[in-house]
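*Asks:* Here is the input, now give the coordinates:
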Amino acid sequence: MSDQAHDPAPLKPAHLHPGAVALFVLVCVAALAIDLGIKHWAFEVFPPDGVDIPAVLAGREGIPDKSAAIVPGVLAIKLTLNQGAVFGMAQGQRWFFILATFIALGVVGYFFSTTTADQSFVHIALALILAGALGNLYDRLMYAAVRDMFWLLPGVMLPFGWRWPNSHTSDIYPWLFNAADAYLLVGIVMILIRSLFTPKKPAHGGGET
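*Replies:* Next comes the predicted model:
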């Protein structure tokens, strides 16, 4: 008699399970709302007169030189507009990043559809990645630049007077980021952790009775 008769019923795919879909959507919507809310506050409320983004991008105005510590020596607020990718690379390639983001959205949707209803950890990770991609996509479509405001390790300098290549700063981490960037990083790390620490299922040999 085959052992397959005693195998548990297969789990329902995540995209067909209301609870899994609800968790995915709620995490994504909540994270996206937080990201856009922080961006709005940082650029409309934090500077006394707000930031006229089109004027800044056109070179008619500058971003207010204002910063504030959130956790002294660890995290601060300082505003910038990034027309490139992470670490400021590939400046001005707006439509390339928009196209790449739409492709990434499709990839996230595909991976979600390949998971099962019990993989909540993966669903949260994918929801964070989706929220991060949507948050920065919104900025690129609306402003042609991404609004960044978080500064990690402000005032902490590289040792020995070193400077980053092609840079005039000795800050150990001179790049600014936003909540959407953090979601992307956290989501990817969660996926990697899941991949590394999930034991692989042993292959079943055929012909057993």
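
*Asks:* Report the separation between the nearest residue to Gln83 once chain neighbours are set aside and Pro54.
*Replies:* Leaving aside its sequence neighbours, Gln83 sits nearest to Ala145 (CB to CB, 6 or more residues apart in numbering; 4.6 Å). From N, CA and C alone the C-beta is placed, and that goes for glycine too. As judged by CB to CB, to the nearest Å, Ala145 and Pro54 stand 10 Å apart.

*Asks:* For these two, indicate the residue with more neighbours.
*Replies:* The residue with more neighbours, out of Ala145 and Pro54, is Ala145; 20 against 11, by other CB atoms under 10 Å.

*Asks:* my guess is the more buried one meets Asn178, correct?
*Replies:* No. Contact criterion CB atoms under 8 Å: Ala145 and Asn178 do not qualify, at 11.5 Å.

*Asks:* Would you mind measuring from the residue nearest the centre of the chain to Leu130?
*Replies:* Computing the C-alpha centroid of the chain and ranking residues by CA atoms, centre = their mean puts Leu184 first, at 2.3 Å. Distance, Leu184 to Leu130, by CB to CB: 10 Å.

*Asks:* Can I get the helix or strand harbouring the residue nearest to the centre of the chain as CSV, trimmed to CA atoms?
*Replies:* Assigned by DSSP states H and E, Leu184 belongs to helix 179-197. What follows is helix 179-197, C-alpha atoms only, in CSV (Å, rounded to 0.1, in the frame of the first residue of the first chain):
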residue,chain,number,x,y,z
ALA,A,179,11.5,54.4,4.9
ALA,A,180,10.8,52.7,1.5
ASP,A,181,14.6,52.0,1.2
ALA,A,182,14.5,50.5,4.7
TYR,A,183,11.5,48.3,3.8
LEU,A,184,13.4,47.0,0.7
LEU,A,185,16.5,46.1,2.7
VAL,A,186,14.5,44.5,5.6
GLY,A,187,12.3,42.5,3.2
ILE,A,188,15.3,41.2,1.2
VAL,A,189,17.2,40.2,4.4
MET,A,190,14.1,38.4,5.7
ILE,A,191,13.9,36.4,2.4
LEU,A,192,17.6,35.5,2.7
ILE,A,193,17.2,34.4,6.3
ARG,A,194,14.2,32.3,5.3
SER,A,195,16.2,30.7,2.5
LEU,A,196,19.3,30.0,4.7
PHE,A,197,17.5,28.5,7.7
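
*Asks:* Tell me the buried residues in the lowest-mean-pLDDT helix or strand in the chain?
*Replies:* For the chain, using mean pLDDT, DSSP states H and E, the weakest element among its helices and strands is helix 94-114, scoring a mean of 88. Buried residues in helix 94-114, defined by neighbour count with 16 or more other CB atoms under 10 Å: 94, 97, 101, 104, 108, 111-112.
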